[in-house]
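Asks: Quick one, structure for this:
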Amino acid sequence: MTAFSNGTYNGSLSPYRCVFHEDFKYILLPVSYSVVFVVGLILNIVTLYVILVQRHNWKPSSVYMFNLTICDTLYILTLPFLIYYYADENDWPFGEPLCKLIRFLFYTNLYGSILFLCCISLHRFLGICYPMHSLRWASTGRARLVSAGVWVVVVLFQAPVLYFSRTRKAGPERDTTCYDTTSEDLFDSFMVYSTAVSVLLFAMPFMVLMVCYGLMVRKLLETPYMAAEAASARSRQKSVKMIIIVLAVFMLCFLPFHLTRSLYYSFRYLDEQISCSQLEASSIAYKVTRPLASANSCLDPVLYFMAGQGFRRNITKKSKYRQTVKIRTMSTPM
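Replies: Numbers count the residues shown, from 1 in each chain. Have a look, this model is predicted:
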């Protein structure tokens with residue numbers, strides 16, 4: 001018998017060795033998910049609008065940003081179901097197929113965001129460190145092919161979530177639990193799968209990103225004359241902003257989530273070698289960082305706004321256009 005209750009029997013008699021007291025999540029998760037839903041939906045809709053307005057003048061970074069925004073929006077639209085679920089204290093009324101879909105879209109967003117952020121960063125890396133090669137390789141057509149490849153990889157890697165995610169009636173009141181991991185009998189297999197995905201779709205891209213950023217920073221810190229060969233002053237400024245924002249997203253959203261989740265899964269796997277207090281502490285840490293992983297849906301649009309000029313340029317043009325129309329209308333004789 002596994003040594004966890006997954007919060008299902010909070011404070012009551014349980015057939016499991018450990019009983020978790022995690023009532024805090026019934027406030028933390030609905031509130032944090034509500035904030036992400038409202039803020040993320042507004043920011044991503046605005047970003048999608050601006051990108052689509054400029055669709056006739058797309059650059060490779062625009063293609064990647066469009067796909068990143070689609071990825072975030074799909075996830076944000078699933079949050080009302082999770083808000084209701086946790087506000088109702090782990091009672092899932094929507095059926096098992098929708099439970100599977102919600103969990104699938106969460107991890108699709110998570111790893112899709114990681115890979116598309118890597119694509120944006122690698123595109124900038126080529127432009128800074130290998131400007132001549134980037135003219136040949138960093139085209140809009142290739143960006144579309146790479147984006148299609150990212151979607152294929154993410155969907156294939158996350159397809160097992162549709163199998164592992166389950167619902168089960170549990171607790172004294174027979175509430176329906178929608179597992180964010182899997183059922184107890186499949187946890188060992190899920191542990192192997194989750195570890196492989198974390199290494200391939202998080203750890204490795206993160207390492208590549210750090211190497212590329214190190215090379216970019218070294219290039220950007222060269223003398224102004226040498227650096228001008230790689231990029232203009234404005235391009236260097238955009239690159240620095242992008243490095244800061246992407247690293248902030250990884251450090252604040254992705255890294256804490258993966259560290260606490262790996263620790264929690266490891267403790268669950270070790271079972272009786274771990275005390276109940278250690279297991280509960282790891283579970284609390286994992287649940288606290290889950291909203292941080294969702295918050296990347298709010299931070300990703302900031303990348304487009306802060307590191308790119310397209311958003312502000314487009315808003316400025318629209319503002320000038322409206323002022324011009326207003327002046328012409330007022331000056332036109334009746």
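
Asks: Let's verify the closest residue in space to Pro80 that isn't next to it in sequence: helix, strand, or coil?
Replies: Among residues not flanking Pro80 along the chain, Phe37 sits closest, at 6.7 Å (CB to CB, 6 or more residues apart in numbering). To be clear about C-beta, it is placed using only N, CA and C from the backbone, and glycine gets the same treatment. On the three-state scheme (DSSP: H, G, I helix; E, B strand; the rest coil), Phe37 is labelled helix.

Asks: does Phe37 really touch Phe81, like I thought?
Replies: No: counting by CB atoms under 8 Å, Phe37 sits too far from Phe81 to count as a contact (10.6 Å).

Asks: nearest residue to the residue nearest the centre of the chain other than its sequence neighbours?
Replies: Geometric centre of the chain, nearest residue: Leu110, 3.8 Å, by CA atoms, centre = their mean. In this structure, Leu110 finds its nearest non-sequential neighbour in Ala293, 6.0 Å apart by CB to CB, 6+ apart.

Asks: ok, now how distant is the residue nearest to the centre of the chain from Arg261?
Replies: 11 Å (CB to CB, to the nearest Å).

Asks: Counting neighbours, go ahead and name the busier of Phe37 and Phe81.
Replies: Neighbour count, other CB atoms under 10 Å: between Phe37 and Phe81, Phe37 has more, with 21 against 18.

Asks: Show the model's pLDDT score for that one.
Replies: Here, the pLDDT recorded for Phe37 equals 96.

Asks: That one: what's it in contact with?
Replies: Ile76, Leu79, Pro80, Ile83 (CB atoms under 8 Å, 6 or more residues apart in numbering).

Asks: Swap in 10 Å and give it another go.
Replies: Tyr75, Ile76, Leu77, Thr78, Leu79, Pro80, Leu82, Ile83, Ser294, Ser297, Cys298 (CB atoms under 10 Å, 6 or more residues apart in numbering).

Asks: Now do the contacts for the fifth one.
Replies: In this case it means Leu79. Contacts of Leu79 (CB under 10 Å, 6+ apart): 30, 32-38, 40-41, 102, 105-106, 294, 297.

Asks: so where's this protein shaky on pLDDT?
Replies: 1-17, 133, 135, 171-173, 223-236, 307-334 (pLDDT under 70).

Asks: Tell me how many other residues surround Leu259.
Replies: Counted with other CB under 10 Å, Leu259 comes out at 14.

Asks: what do you get for Phe250?
Replies: 21.

Asks: Excluding chain neighbours, what is closest to it?
Replies: Phe206 (6.3 Å).

Asks: you'd agree that neighbour is up against Cys253?
Replies: No: at 11.9 Å, Phe206 and Cys253 do not qualify as touching, with contact defined as CB atoms under 10 Å.

Asks: of those two, who's got more company?
Replies: Neighbour totals were compared for Phe206 and Cys253, and Cys253 leads with 24 against 17 (other CB under 10 Å).

Asks: was I right about the more buried one contacting Leu259?
Replies: No: judged on CB under 10 Å, Cys253 makes no contact with Leu259 at a distance of 11.9 Å.

Asks: Identify the contacts common to the two.
Replies: Thr289.

Asks: on that earlier part again, I'd like to know how far the residue nearest to Pro80 sits from Leu215.
Replies: Distance of Phe37 to Leu215, computed by CB to CB: 38 Å.

Asks: For the host helix or strand of Thr108, what is the distance to the chain centroid?
Replies: For Thr108, the element it lies in under DSSP states H and E is helix 96-129. Relative to its chain's centre, helix 96-129 lies at 6 Å (CA atoms, centre = their mean, to the nearest Å).

Asks: Same question for that helix: list its buried residues.
Replies: Across helix 96-129, burial judged by 16 or more other CB atoms under 10 Å covers 99-129.

Asks: again, but for stretch 73-88
Replies: Thr73, Tyr75, Ile76, Thr78, Leu79, Phe81, Leu82, Ile83, Tyr85, Tyr86, Ala87.

Asks: And the strands in the chain, which stretches?
Replies: 167-170, 175-178 (DSSP state E).

Asks: neighbouring contacts of the last one?
Replies: With contact meaning CB under 10 Å, 6+ apart, strand 175-178 is reached by 6-8, 81-82, 85, 88-96, 98-100, 102-103, 165-171, 183.

Asks: Distance from that strand to the middle of the chain?
Replies: Using CA atoms, centre = their mean, the offset of strand 175-178 from its chain centre is 25 Å.

Asks: Then stretch 40-54?
Replies: Counting by CA atoms, centre = their mean, stretch 40-54 comes out at 17 Å from the chain centroid.

Asks: do the same with stretch 61-79
Replies: Distance of stretch 61-79 from the chain centroid (CA atoms, centre = their mean) equals 9 Å.

Asks: swap in stretch 288-300?
Replies: Distance, stretch centre to chain centre, for stretch 288-300: 7 Å (CA atoms, centre = their mean).

Asks: Same question for stretch 259-266.
Replies: 18 Å.

Asks: residues of it that come out buried?
Replies: Across stretch 259-266, burial judged by 16+ other CB under 10 Å covers Thr260, Arg261, Ser262, Leu263, Tyr264, Tyr265.

Asks: Can I get those in CSV including distance to Phe305?
Replies: As requested, the buried residues of stretch 259-266 are exported to CSV (distance: CB to CB, whole Å):
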residue, distance to Phe305
Thr260, 29
Arg261, 30
Ser262, 32
Leu263, 34
Tyr264, 34
Tyr265, 35
